[in-house]
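J.: Okay, structure incoming, though there's no sequence with it:
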């Protein structure tokens, strides 16, 4: 993992982190492979199959607080399926994301 430092904060009225965490975590969600990648562009949650959306939608209620923190910090969040299709969750959620996670991705 590495980190980049911003010497000057151009956002005087917002709390923007000075360090940008980067790296990759690999694990499982209900036995299905999941990868979380953080970079200077934001956070990407990679799912290997559409079946992973079901446990992800069940976890949406617990992730509500995390989504609020990411939204407040203006950190983009995307969900990637099959390593090719990328759906934005934050800041402007894709219609499919709003369908799977109603009330949490708006």
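T.: Sure thing, it's come through. Owing to the predicted nature of the structure, the values given are computational and were not obtained by experimental measurement.

J.: Under a three-state scheme, what state does the closest residue in space to residue 39 that isn't next to it in sequence occupy?
T.: Spatial nearest neighbour of residue 39, excluding adjacent residues (Cβ to Cβ, 6 or more residues apart in numbering): residue 22 at 5.3 Å. Where C-beta positions appear, they are placed from N, C-alpha and C, glycine not excepted. State at residue 22, reduced to three classes by DSSP: H, G, I helix; E, B strand; the rest coil: strand.

J.: so what's residue 22 scoring on pLDDT?
T.: pLDDT recorded at residue 22 is 82.

J.: before we move on, what about residue 99?
T.: In this model, residue 99 is scored at 72, pLDDT.

J.: That one and residue 73, how far apart?
T.: From residue 99 over to residue 73 the distance is 25 Å, taken as Cβ to Cβ, to the nearest Å.

J.: Quick check: which element contains residue 61?
T.: When secondary structure is defined by DSSP states H and E, residue 61 falls within helix 60-72.

J.: I meant residue 53, not that one.
T.: Using DSSP H and E, the element containing residue 53 is helix 53-58.

J.: buried set for that helix?
T.: With burial defined by 16 or more other Cβ atoms under 10 Å, the residues of helix 53-58 counted as buried are 53, 56.

J.: repeat for stretch 56-75
T.: 56, 60, 63, 67, 70, 71, 75.
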